[in-house]
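> model the structure of this input:
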Amino acid sequence: MRFNFIFSPLFCRYTNWFSATTPIQAQSWPISLQGRDIVAIARTGFGKTLGCLIPGFIHLKLKRNSPRLGPTILVLTPTRELATQIQVEV
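Purely as a prediction, here's the structure:
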């Protein structure tokens with residue numbers, strides 16, 4: 001079953017503050033929301049982090065409604081500075 005992510009109210013809830021997606025987000029969101037693996041390569045500041053995190057948030061909301069189940073998303077970063085930036089911004 002293909003998930004029509006553009007018209008999903010849940011997707012719109014997480015992305016309504018976007019004026020436009022970056023090319024990496026536009027290409028990665030449909031793939032990620034289908035549950036498929038993805039490798040994204042782009043320059044710094046091109047939206048790779050949100051390209052992965054927003055589908056992760058949607059997955060959490062749809063599949064894991066109980067906080068007793070513990071963490072579900074693991075975010076790995078190559079540097080401590082990027083990890084701190086993600087923590088602050090998300």
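
> which residues in this protein form strands?
Read by DSSP state E, the chain holds no strands at all.

> just give me the longest helix of it.
Counting by DSSP state H, the longest helix found in the chain is helix 48-63.

> average pLDDT for that one?
Averaging pLDDT along helix 48-63 yields 80.

> next one: stretch 69-89
Here the average pLDDT along stretch 69-89 is 82.

> which parts of the chain are helices?
9-15, 23-33, 48-63, 80-89.

> these: which one's closest to residue 69?
helix 48-63 (9.4 Å; Cβ to Cβ). Using the backbone N, CA and C atoms, a C-beta is placed for each residue, glycine as well.

> neighbours around residue 22, how many?
Residue 22 has 16 neighbouring residues, counting by other Cβ atoms under 10 Å.

> scratch that, residue 62
As a burial measure, residue 62 scores 12 neighbours (other Cβ under 10 Å).

> and the pLDDT for residue 38?
83.

> what is the burial count for it?
Residue 38: 15 neighbours (other Cβ under 10 Å).

> my read is that it contacts residue 31, right?
Yes: Residue 38 lies in contact with residue 31 (Cβ atoms under 8 Å); the separation is 5.0 Å.

> just put the helices of the chain in JSON lines and tack on distance to residue 69.
Shown next, in JSON lines, are these (distance: least, Cβ to Cβ, whole Å):
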{"stretch": "helix 9-15", "distance to residue 69": "19"}
{"stretch": "helix 23-33", "distance to residue 69": "21"}
{"stretch": "helix 48-63", "distance to residue 69": "9"}
{"stretch": "helix 80-89", "distance to residue 69": "21"}
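
> which of those sits closest to residue 74?
Closest among those, using Cβ to Cβ: helix 48-63, at 9.5 Å.
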